[in-house]
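> Based on what follows, work out the 3D shape:
(2 chains)
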Number of protein chains: 2
Amino acid sequence: MSTSSPLKTAEIVAVGSELLGSTRLDTNSLFISERLAGLGIELRTKVVVGDDRAQLAAVFRQALGRADLVVLTGGLGPTDDDLTRDVVADVLGLPLDLDEQIVARIERRFARRGLKMPDVNRRQALVPRGALVLENANGTAPGLLIDHDDRLIALLPGPPREVQPMIEALCEGPLRERAGTERLYKATLFVTGRSESHVEEVAQPIYSRLGRAVPPISTTILAVPGQVELHLSLRERDAARAQQMLDAAREELHEALGPDVFSIDGRSMEQLVGERLLTAGYTFAAAESCTGGLLTSRLTDVPGSSAYVRATIVAYDNDAKIALLGVPRELIEQHGAVSEPVAVAMAEGARARTGADVLVAITGIAGPGGGTPSKPVGTVVIAVLVPSEPAYVHTYSFIGGRALVKFQSTQAALDRVRRMLEHAPVRGRRAQ
Amino acid sequence: MSTSSPLKTAEIVAVGSELLGSTRLDTNSLFISERLAGLGIELRTKVVVGDDRAQLAAVFRQALGRADLVVLTGGLGPTDDDLTRDVVADVLGLPLDLDEQIVARIERRFARRGLKMPDVNRRQALVPRGALVLENANGTAPGLLIDHDDRLIALLPGPPREVQPMIEALCEGPLRERAGTERLYKATLFVTGRSESHVEEVAQPIYSRLGRAVPPISTTILAVPGQVELHLSLRERDAARAQQMLDAAREELHEALGPDVFSIDGRSMEQLVGERLLTAGYTFAAAESCTGGLLTSRLTDVPGSSAYVRATIVAYDNDAKIALLGVPRELIEQHGAVSEPVAVAMAEGARARTGADVLVAITGIAGPGGGTPSKPVGTVVIAVLVPSEPAYVHTYSFIGGRALVKFQSTQAALDRVRRMLEHAPVRGRRAQ
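Predicted coordinates for the structure are as follows:
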């Protein structure tokens, strides 16, 4: 196979009517995309098509027309609506031969469970002439790899635990041999506290220029709740050169966007905050109202977070704020529960009760009810206390539904902790 | 539009290079597929394509060739790689006109946050001539609906919270007018506390029979963390007949699966628990350790939950369990923090400190560290107190990673509350 032109582009065709309904997504493509990118093979298109002969044939023909490698997943089962093998052989004009070795393997698989192989399973032993048979350690249907007119076509089963080891084996073997010497390299910057358009305004002149570099660095901007992500990628033969170019590009964007950039290596906000707490040897506690525990749940998603998360008091009603956090009743009566004095008092109350070093308090109106003209839904007050710094307190206006207001509140609070700990002393992990 | 032939088939084209990588899936198609099915419009194909002009144009042309309705999502943003509007107009040969009303609407959106609209956002006000503009309540990019050569083309934004209300509006309005007379009817049962195979064993003989009814009822079983879902569906012209058949089918499955069925109308566990608390007039508090606030965060995702959620103490370390919940130090020393006596003491401590009626305590080992031979990772103890019932306490063994152990713990705890409140007195909402 080594004399053919290198594989540069790929298309995934996921076959199965259940993947067109409202409850199931094709997740194999995530894994396949990552492994192919590692070989410098770019995934151009993903298609999901039902168990329908004519439609599958049309989709497969189109895929052959636009990609060097077509990976089909699913539709290799033993039943009538498993059509992938038939349709691919038909479109390529290849006869199907029964492979007795595969029949024997499937029979043994059934025999191990004390069962006789049903006759329908013989279909799984049909092989388009000339195809390479790929062993399936976790299921009955073998995979198939067909080399046809300078295109490679892989037929893989649908279940993730069957397809994953087969893709690994393909990427170690036949696909690696056919891939070019170029590889895809990637870098990311995560930004918070700015809208997508505001990130774009600053970043666009830079990444337009990067896009004209040799080799070009391409940039994708992606807005998700609470953060804007810049994904840079570059195709190159020389790993050192690729890394150097990406590092320089990332640094330039980082400088332009300033401290709103919170992550330059894909780590999440909760991981970064956790690491800063660990480095400074600080413990953490929170007083949450409208976020209902989400802040602390996010922090404790990080393995090892028990080294710094001490406790949190979710004080959802006013009585709880008074009884559990010692917020003076008059303060709530005078300023309202969603106010800067109350947020600071909540943080101070949490500090007095937990003895933690770093404290966050969040009180706000997550909606849909509870808004007033002066404090509409989305009004959230965040207070942060860290050692040897003045207390931080700020009133935010978030937009979106209840879940989004909750999430953005936790993101803003965690980002504030991150910034306030930027210059914290390095004391190492504190003994408990 | 009413004189055209009915819409029978649809294709979704999700646009965005990020959807071809290894971290992100197009989830909009689940929701869109469901809503279209409700109108009897069958989703034939889903395609994901990157932010590339030529590829998007090719994919869009193919979609036009095989479906009555093409729904494109994403690529309507303000940046250079947002190409959907341009490419669709180009393929259909329609000029783009700047709509000053849309400009004014986007400017107002920025102004509400005290910001000036960046110039790049003007691109979002370009409208292919003749298109219907669909208002976007949750974002800047309006949607567009184009009627072209007996095909409908919908251009919708990418973020789920923006696309969902727009699809709702389309399905209530222009798409309903153009759809045929058969509709898809659905019913669901959510089950917890049983594995997928155990649900299958009980349900399979029933749903095989339902699949042979006229019209046939089709069933999909879907396992997600913490629950197994049965989705029933039926295609029929007569709404009353469809409803009657589905009700009977659901009832039969419900009887066979018994009290493990926690929802028969799609409501989530946190909604159901919230309603039982509200009906009984009970307040709620929790003492969370390994779940880190996730239980309370889930409960407070439900609008109106401030009527019953009072407070929660996340006591992540032993000192916090002692100081904030009054758990006797000796109890922890004698039995360990993950033990039934400590869980009960945590729940009692939460009751003493919050005065709530219903209490949950969760203490466990979420992993990956912290396991021992006698208490491996996944060991979780849950205690529940409700009025006039003996305390419930049980030690669970969950499998999966940290996030999955956290989630399953909250699911099991909420399900226990649901069951214990099944026969609680109906007192109505209690005055605060």
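> sec struct for A:A213, please.
coil (DSSP: H, G, I helix; E, B strand; the rest coil).
> after the helix or strand of chain A with the lowest mean pLDDT, next one along is what?
Lowest on mean pLDDT, DSSP states H and E among the helices and strands of chain A sits strand A:217-224, with a mean of 85. As assigned by DSSP states H and E, the chain's next helix or strand after strand A:217-224 is strand A:227-236.
> And the contacts of the next helix or strand after that next one?
Sequence order places helix A:239-257 as the next helix or strand after strand A:227-236, per DSSP H and E. By Cβ atoms under 8 Å, 6 or more residues apart in numbering or on different chains, the residues outside helix A:239-257 that reach it are A:183, A:185-187, A:189, A:191, A:194, A:199, A:202-203, A:206-207, A:210, A:213, A:215, A:217, A:230, A:232, A:234, A:236, A:261, A:264. C-betas here are computed from N, CA, C, even on glycine.
> Helix A:239-257 versus strand A:227-236: what angle between them?
Using axes from the mean of the first three to the mean of the last three Cα atoms, to 10 degrees, the direction of helix A:239-257 lies 150 degrees away from that of strand A:227-236.
> With only the CA atoms kept, save helix A:239-257 in CSV.
Extracted C-alpha coordinates of helix A:239-257, given in CSV (Å, rounded to 0.1, in the frame of the first residue of the first chain):
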residue,chain,number,x,y,z
ALA,A,239,7.3,18.5,15.4
ALA,A,240,9.7,21.0,16.9
ARG,A,241,8.9,23.6,14.4
ALA,A,242,5.1,23.1,14.8
GLN,A,243,5.4,23.4,18.6
GLN,A,244,7.5,26.6,18.3
MET,A,245,5.0,28.2,15.9
LEU,A,246,2.0,27.2,18.0
ASP,A,247,3.7,28.5,21.2
ALA,A,248,4.4,31.8,19.6
ALA,A,249,0.9,32.1,18.3
ARG,A,250,-0.6,31.3,21.6
GLU,A,251,1.6,33.7,23.4
GLU,A,252,0.7,36.5,21.1
LEU,A,253,-3.0,35.9,21.6
HIS,A,254,-2.5,35.5,25.3
GLU,A,255,-0.8,38.9,25.5
ALA,A,256,-3.5,40.6,23.4
LEU,A,257,-6.4,39.1,25.5
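> Number of residues surrounding A:V405?
Number of residues near A:V405 (other Cβ atoms under 10 Å in any protein chain shown) recorded here: 25.
> do the one 4 residues further on as well
A:S409 is surrounded by 27 other residues when neighbours are defined as other Cβ under 10 Å.
> Please apply the same query to the one 10 residues further on.
For A:R419, the count of nearby residues is 17 (other Cβ under 10 Å).
> Check the gap between the residue nearest to it when sequence neighbours are not counted and chain B for me.
Of all residues not flanking A:R419 in the chain, A:P259 sits nearest, at 6.3 Å (Cβ to Cβ, 6 or more residues apart in numbering or on different chains). As for A:P259, its distance to chain B is 19 Å (criterion: Cβ to the nearest Cβ, to the nearest Å).
> element containing the residue of chain A most remote from its centre?
In chain A, the residue that sits farthest from the middle, by Cα atoms, centre = their mean, is A:E330; the gap is 45.8 Å. Following DSSP H and E, one finds A:E330 within helix A:329-335.
> go on, A:V71?
Using DSSP H and E, A:V71 sits within strand A:69-73.
> can you list the residues of the stretch 151-300 of chain A near chain B?
Contacts of the stretch 151-300 of chain A with chain B, taken as Cβ under 8 Å from any Cβ of the partner chain, map to A:195-198, A:200-201, A:204, A:208, A:220-223, A:231, A:288, A:290-297, A:299-300.
> Narrow the contacts of helix A:239-257 to those that are buried.
Among the contacts of helix A:239-257, the ones that count as buried by 16 or more other Cβ atoms under 10 Å in any protein chain shown are A:183, A:185, A:187, A:189, A:191, A:194, A:199, A:203, A:206-207, A:210, A:217, A:230, A:232, A:234, A:236, A:261, A:264.
> So which of the residues you listed are in helices?
Mapping the buried ones among the contacts of helix A:239-257 onto helices (DSSP state H) picks out A:V199, A:A203, A:I206, A:Y207, A:L210.
> residue contacts, the last one?
Read that as A:L210. Counting by Cβ under 8 Å, 6+ apart, the residues that A:L210 touches are A:P216, A:I217, A:T219, A:L232, A:A249.
> swap in the first one?
Residues in contact with A:V199 (Cβ under 8 Å, 6+ apart) are A:V191, A:I221, A:V228, A:L230, A:L257.
> which of the residues you listed lies closest to B:D150?
A:I221 (36.5 Å; Cβ to Cβ).
> does that closest one have beta-bridge partners, and which?
Beta bridges link A:I221 to A:L230, judged by DSSP bridges.
> Let me know the distance separating it from A:P95.
From A:I221 across to A:P95, the span is 49 Å (Cβ to Cβ, to the nearest Å).
> ok, then the element right after the helix holding A:E330?
helix A:340-354.
> now that next one: mean pLDDT?
Averaging pLDDT along helix A:340-354 yields 97.
> Could you do stretch A:114-129 as well?
The model assigns stretch A:114-129 a mean pLDDT of 89.
> which parts of that stretch are buried?
Residues A:M117, A:N121, A:R123, A:Q124, A:A125, A:L126, A:V127, A:P128 are the ones in stretch A:114-129 that count as buried (16+ other Cβ under 10 Å).
> what's the first one in contact with, if anything?
It stands for A:M117. The contact partners of A:M117, by Cβ under 8 Å, 6+ apart, come to A:V103, A:I106, A:E107, A:R109, A:F110, A:A111.
> just the CA coordinates of the helix or strand harbouring the first one, formatted as PDB?
Using DSSP H and E, A:V103 maps to helix A:100-112. As requested, C-alpha coordinates have been extracted for helix A:100-112 and formatted as PDB (Å, rounded to 0.1, in the frame of the first residue of the first chain):
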ATOM      1  CA  GLU A 100     -15.000 -20.000   6.700                       C
ATOM      2  CA  GLN A 101     -12.400 -18.900   9.200                       C
ATOM      3  CA  ILE A 102     -14.700 -16.100  10.300                       C
ATOM      4  CA  VAL A 103     -17.600 -18.600  10.500                       C
ATOM      5  CA  ALA A 104     -15.500 -20.800  12.700                       C
ATOM      6  CA  ARG A 105     -14.500 -17.900  14.900                       C
ATOM      7  CA  ILE A 106     -18.100 -16.800  15.400                       C
ATOM      8  CA  GLU A 107     -19.200 -20.400  16.200                       C
ATOM      9  CA  ARG A 108     -16.400 -20.600  18.800                       C
ATOM     10  CA  ARG A 109     -17.600 -17.300  20.300                       C
ATOM     11  CA  PHE A 110     -21.200 -18.700  20.700                       C
ATOM     12  CA  ALA A 111     -19.800 -22.000  21.900                       C
ATOM     13  CA  ARG A 112     -17.900 -20.300  24.800                       C
END
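> pLDDT score for A:T181?
pLDDT, A:T181: 86.
> Is A:R310 in a helix, a strand, or coil?
Going by three-state DSSP: A:R310 is strand.
> Just give the number of residues close to it.
Applying other Cβ under 10 Å, we find 26 residues neighbouring A:R310.
> dump the residue contacts of it.
Contacts of A:R310 (Cβ under 8 Å, 6+ apart): A:T283, A:F284, A:A285, A:T354, A:G355, A:A356, B:Y316, B:D317, B:D319, B:A320.
> Which one (most neighbours) among those?
Busiest of the contacts of A:R310 [other Cβ under 10 Å] is A:A285, holding 28 neighbours.
> Distance of that residue relative to B:A343?
When A:A285 is compared with B:A343 (using Cβ to Cβ), they lie 22 Å apart.
> A:E182 now?
Relative to B:A343, and taking Cβ to Cβ, A:E182 is found at 57 Å.
> Those two: which has the busier surroundings?
With neighbours defined as other Cβ under 10 Å, A:E182 and B:A343 compare such that B:A343 has more, 30 against 19.
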